[in-house]
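In: No sequence on hand, only this structure:
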């Protein structure tokens, strides 16, 4: 738990095994993490990493094989979904097609025995929150995908759950609408103060919406941190590779904690939070946008990497250069923002230099 804040969800050594014998699959393998109250927390990872299984365990749709799952300090393992103060918004939204928007939002409140006047006030409040107040009489089939999602959110928020679980709810939307709904989801979380747990495989969604992110792989949590921590200071190669674009360079520690020699013979300065000893073989991670691309004379400046431009790709806001570096295997990427029009500064075949600031080099644990 961070900075003494109160935990909404506390996951302790949680395990989930499906099948048995030779068919056994460990979907979760000793997962531990803490999600604070009023936090927008994202479970991020590729398909099959265990993020949806963890969400289903929190919701009560699956039961753990081992470990503890606490909600506001109470162990909820074994408690059925309807006895947890948790609601879920699914990919499909799961709206009742024969009911109006207002009736869909009211349904859960009716099941809880709320009186009619109270339900009416709450439905009006929820539709205003999701900016759907003028569409209460429509049916789901008369709404766009984004509008249907807003109804699903209103229904899930109506009974003020302690935690709202969102299982890749934006995946069915087109690009522009998905961007708009990212902003809306973050607004709703801030306005309601409810803990949101969001599942996605989309790195950009996770970085733009979350207070903190848990990156998962093969049933385990690889790293938990704020978006900038995950992006700028990945702890291992999987996280660095999964989040955004990254160059990886093999290197040998020349001076512990400060200098690293790459296969070309040049040395780079960098940050090593893992304390590798002199002579150790390590991997350096360098983000393409943190690198300066320079016109290169025949004799490179000491400390710079040298090479040639193999390919140029124009993206509108920036240009991506694929380089072949002298003495270093593989292709190296440099991303340069287009501040002065669309003309690429370097053409394919041009000799270039690569300058890397020390704060742009991250030494990985593997």
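Out: Structure received. Bear in mind the structure is a predicted one, so any value in this text is a computation, not a measurement.
In: Would you confirm that residue 327 contacts residue 261?
Out: No. Residue 327 is beyond contact range of residue 261, at 11.2 Å (criterion: CB atoms under 8 Å). All C-beta spots, glycine's among them, are computed from the backbone N, C-alpha and C.
In: all helices in the stretch 201-350 of the chain, in order from the N-terminus.
Out: 203-209, 227-232, 237-242 (DSSP state H, counting those that start in this stretch).
In: Now render these as a markdown table, adding mean pLDDT and mean neighbour count.
Out: Output for the helices of the stretch 201-350 of the chain, formatted as a markdown table (pLDDT from 0 to 100; neighbours: other CB atoms under 10 Å):
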| stretch | mean pLDDT | mean neighbour count |
| --- | --- | --- |
| helix 203-209 | 92 | 19 |
| helix 227-232 | 94 | 17 |
| helix 237-242 | 94 | 20 |
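In: The ones you listed into TSV, with extra columns for distance to residue 170?
Out: Putting the helices of the stretch 201-350 of the chain into TSV (distance: least, CB to CB, whole Å) gives the following:
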stretch	distance to residue 170
helix 203-209	7
helix 227-232	17
helix 237-242	19
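In: higher neighbour count, residue 327 and residue 261?
Out: Set residue 327 next to residue 261 and count neighbours by other CB atoms under 10 Å: residue 261 wins out with 15 against 12.
In: Relative to residue 249, how far out is that one?
Out: Distance from residue 261 to residue 249, counting by CB to CB, to the nearest Å: 10 Å.
In: And residue 39, by the same measure?
Out: Counting by CB to CB, the gap from residue 39 to residue 249 is 35 Å.
In: hmm, back to that, identify whichever of the helices of the stretch 201-350 of the chain lies nearest to residue 33.
Out: Checking the helices of the stretch 201-350 of the chain against residue 33 by CB to CB gives helix 227-232 as the closest, at 13.6 Å.
In: Run through the neighbouring helices and strands of the closest one.
Out: Packing partners of helix 227-232 (3 or more CB pairs under 8 Å, 6 or more residues apart in numbering; DSSP states H and E): helix 203-209, strand 212-217.
In: now those in CSV, with distance to residue 308?
Out: Output for the helices and strands packed on helix 227-232, formatted as CSV (distance: least, CB to CB, whole Å):
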stretch, distance to residue 308
helix 203-209, 30
strand 212-217, 35
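In: Where does the prediction get shaky in the chain?
Out: 1-5, 297-303, 341-343 (pLDDT under 70).
In: Show me the longest helix that occurs in it.
Out: Secondary structure of the chain per DSSP state H: the longest helix is helix 175-192.
In: gap between stretch 336-354 and the chain center?
Out: 31 Å (CA atoms, centre = their mean, to the nearest Å).
In: my guess is residue 181 meets residue 148, correct?
Out: No. Using CB under 8 Å, residue 181 makes no contact with residue 148, being 11.2 Å away.
In: Touching, residue 357 and residue 290? I think so.
Out: Yes. Contact criterion CB under 8 Å: residue 357 and residue 290 qualify, at 7.0 Å.
In: Any chance you could list residues touching both of the two?
Out: Shared contacts of residue 357 and residue 290 (CB atoms under 8 Å, 6 or more residues apart in numbering): none.
In: Pull up the distance across stretch 70-78, start to finish.
Out: Its start and end residues considered, stretch 70-78 measures 11 Å (CA to CA, to the nearest Å).
In: ok, now stretch 211-223?
Out: For stretch 211-223, the first-to-last residue distance is 14 Å (CA to CA).
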